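> After the sequence you'll find the predicted model.
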Amino acid sequence: MKIDKDTVVSVQFKVADAATGQLVEQTREPLVYLHGGYDNMLPKIEAALDGQEKGYETTLTLQPADAFGVRDDSLARTIARSEFPPGVKVGGQLEGRTDSGEPHVFHVVKIKGDKVLLDGNHPLAGRTLRFTLRVTGVRAATAEEITHKHAHGPGGHHHH
Ligand SMILES: [Zn+2]
C-alpha cells in the first residue's frame, strides 16, 4: 500500500544535528501518524514520504524553518528564583505567557544564583537537522481517525 492522503503511516526516526552529526533524537517505537496535511507531521517529511511504501528509507536535511522553527529570542527570559514555583527543575517546563499574552510552555534551561533562565523555543529550534526515516507500516485510516484528524491505536492518539 502506498502512502497517500488518509493513510496511517508508521515511521522510525533518527534525528541528528546536520552541522555536528550529533544524534539528538531516536524513536524506540515507530511514530504513527495520519498522513495528508493534518498537521501531525512536518510538511517536508510528509512530502518526502508521499507515494512511498513500507520499507522505504530516506535521509533528508531540513533547515530550521522547515523543522522546529527559527529561534525567537523574545521567548528567552530570565526570572527571579523567588517568583518560581517550588519543585521545578532544569529540564522541566512551566506554563507562561508570551509578550503578546498568549499561553506558552517554557523550558527551564538554567538556574543561576537567584535567577532562572527560561526558553519558550522548541529545544530543536534554530538547528538544521538531518532526519533518517524508515517506513515500517502503511494502512488505510478509519473513518473515525479521519474525523479526529489523527491516528489511533498503538503509537497513535489515545482517548481516555
Ligand atoms: Zn481520536
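Looks like it came in fine.

> Run through the chain and note the low-pLDDT ranges.
160 (pLDDT under 70).

> so who does the residue in it that the ion sits nearest to touch?
Residue of the chain nearest the ion, by C-beta to the ion: His148 (3.2 Å). From N, CA and C alone the C-beta is placed, and that goes for glycine too. Counting by C-beta atoms under 8 Å, 6 or more residues apart in numbering, His148 touches His157.

> quick one, phi/psi of it?
Dihedral pair for His148: phi -80, psi -10, per degrees, to the nearest 10.

> State the distance from it to Pro30.
According to C-beta to C-beta, to the nearest Å, His148 and Pro30 sit 20 Å apart.

> now Ala151
11 Å.

> The two: which has the busier surroundings?
More neighbours surround Ala151 than the other of Ala151 and Pro30, with 24 against 17 (other C-beta atoms under 10 Å).

> okay but the more buried one is in contact with Val11, surely?
No. The pair Ala151 / Val11 is not scored as a contact, 11.3 Å apart, by C-beta atoms under 8 Å.

> I'd say Ala67 and Pro123 touch.
No. Using C-beta under 8 Å, Ala67 is not in contact with Pro123; the gap is 11.6 Å.

> okay, those two: which has more neighbours?
Counted by other C-beta under 10 Å, Ala67 and Pro123 do not tie: Ala67 has more neighbours, with 24 against 13.
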